[in-house]
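1. everything below, folded, please.
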Amino acid sequence: MGASFKSDHGTWDYTPSSAVSVGQVVILGKVIGIACRPIAANQKGALATKGIFTMDKAVGGALTRGQVCYLHSNLNVTGSATTTGIAGIVVADAASGDTTVDVDINMAGYDVNATGPA
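-> Down below sits the predicted model:
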């Protein structure tokens with residue numbers, strides 16, 4: 001058997017070593033996951049790996065719809081390339097003073113050779 005369909009629901013199982021709260025961003029290699037429900041330490045839960053999420057935005061710097069956005073080391077979204085990596089694509093413009101931005105996570109047309117989340 002070459003491959004068999006498993007799921008298209010956009011979640012990955014995840015067992016954290018410490019508790020994960022709702023909305024917490026978790027870096028999974030070159031992909032980010034976001035907890036939609038609390039996950040207790042050492043208990044299997046699920047992280048969303050697809051979808052549009054309102055995420056905390058780094059102060060300063062406007063973001064425009066369609067722009068690739070990145071995760072700052074504090075896991076806030078920024079328009080500047082970072083070593084933390086790519087968050088996704090900006091869905092709606094966000095002004096410099098805005099504190100949040102809507103992001104279609106993991107939708108940056110990943111090149112496996114490009115910098116993704118650490």
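2. in the protein, where is pLDDT below threshold?
-> 1, 5-8, 108-118 (pLDDT under 70).
3. the strands in it, which residues?
-> Applying DSSP state E to the chain gives strands spanning 11-14, 25-28, 31-35, 45-48, 52-56, 68-71, 77-78, 86-90, 100-105.
4. report the central residue of the chain.
-> In the chain, the centroid-proximal residue (CA atoms, centre = their mean) is I32; its distance is 3.9 Å.
5. quick check: that residue touching Y14?
-> No: using CB atoms under 8 Å, I32 is not in contact with Y14; the gap is 11.5 Å. From N, CA and C alone the C-beta is placed, and that goes for glycine too.
6. overlap in contacts, the two.
-> Jointly contacting I32 and Y14 under the rule CB atoms under 8 Å, 6 or more residues apart in numbering are V26.
7. okay if I get the strands of the chain as TSV plus distance to G2?
-> What follows is those, written out as TSV (distance: least, CB to CB, whole Å):
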stretch	distance to G2
strand 11-14	22
strand 25-28	25
strand 31-35	23
strand 45-48	26
strand 52-56	32
strand 68-71	32
strand 77-78	37
strand 86-90	29
strand 100-105	29
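8. okay then, goodbye and thanks.
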